[in-house]
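Enquirer: Sequence first, predicted coordinates after that:
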Amino acid sequence: MNKAPFLAALLPLALLVAGCDRAAPVEEAPLAGAKLGGPFALTDQDGRAVTDRSFAGRYRLVYFGYTYCPDVCPTSLQVLMGGYHQFAKASPDAAKKVVPILVTVDPERDTPAVMKQYVAAFGPELVGLTGTPAAIADAARRYGVSYGKRQDEGASGYLMDHVSAAILFGPAGEPIALVPQDGTRDQVAAELAKWVR
C-alpha cells in the first residue's frame, strides 16, 4: 500500500492542529508610528509644573478641551471618565497604570484654580493641564490638535473651536489608539482593556 497520498492528505490537518498551540499574533496599535505626542511643559490644576516626563511609565489618556465648553467637552469627559471608572472597577491594577489628562485650549480663562474645580467634577483621577498660550499651542501642535477662538456676533463671550479626540499613549509616550469619546462608556472601557497591560 502506498502511504504517500494518505500522508499528503494528513499533512494540512497536522499543520492546522500544530498551529492551535501558537499564541495569536499581537495586534499592532492603530496609531503605531504616528507623529503624535512629545515633550511639553505645563501646569497642573494644583499649580505644579508638569512635563511629559511626569507621566513616564504610565499610559496617558489625553483629551484637549476647555472648561467653558458648553456641550462637547463635558459630554466627552463624562463618557471618557465613565469608561475609565468602569475599566477601573473591572481591572483595578491595570487602571492604576492609566492617567486621564485634560489639556486646555483656552489658557486665558482656564487657570489652575478653574481647572481644579472643573476636573474634580469628573473624578479625582483626571489631571487638568494649563499653561501659557505659547506652551499650549506647542503641546497642541505636537499632539495633532488644532483650535481657535470664535467670537459670534452679539455674544458676550467667546467659544473655542477645537479638534475633539481622545488619544491613548503608552508608558513611553508612544501613540496607541483613538479612544471613542463620542461613543459609550462600554466602548471606552473595552478600548482601555484592549491596550493597557
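Expert: In hand now; what should we look at? Residues are numbered from 1 along each chain as shown.

Enquirer: When you work out contacts or count neighbours from here on, use the C-alpha atoms and nothing else.
Expert: Will do.

Enquirer: Stretch 112-132: which residues count as buried?
Expert: Neighbour-count burial for stretch 112-132 flags 112, 115-116, 118-119, 122, 125-131 (criterion: 16 or more other C-alpha atoms under 10 Å).

Enquirer: For the residue nearest to Asp186 when sequence neighbours are not counted, which residues are in contact?
Expert: Closest residue to Asp186 apart from its sequence neighbours, by C-alpha to C-alpha, 6 or more residues apart in numbering: Gly83 at 6.0 Å. Counting by C-alpha atoms under 8 Å, 6 or more residues apart in numbering, Gly83 touches 184-189.

Enquirer: Looking at those residues, which is nearest Ile167?
Expert: Val188 (11.0 Å; C-alpha to C-alpha).

Enquirer: Counting neighbours, what do you get for the closest one?
Expert: 25 (other C-alpha atoms under 10 Å).

Enquirer: Please enumerate the helices of the chain.
Expert: With helices called from DSSP state H, the chain shows them at 4-19, 72-90, 92-95, 112-120, 133-142, 185-195.

Enquirer: Would you mind listing the buried residues in the shortest one?
Expert: Neighbour counts using 16+ other C-alpha under 10 Å place Ala95 of helix 92-95 among the buried residues.

Enquirer: follow-up on the earlier one: ok, which of the helices of the chain comes nearest Gly37?
Expert: Of those, the one closest to Gly37 (C-alpha to C-alpha) turns out to be helix 133-142, at 5.2 Å.

Enquirer: Show me what that closest one is packed against.
Expert: strand 41-44 (3 or more C-alpha pairs under 8 Å, 6 or more residues apart in numbering; DSSP states H and E).
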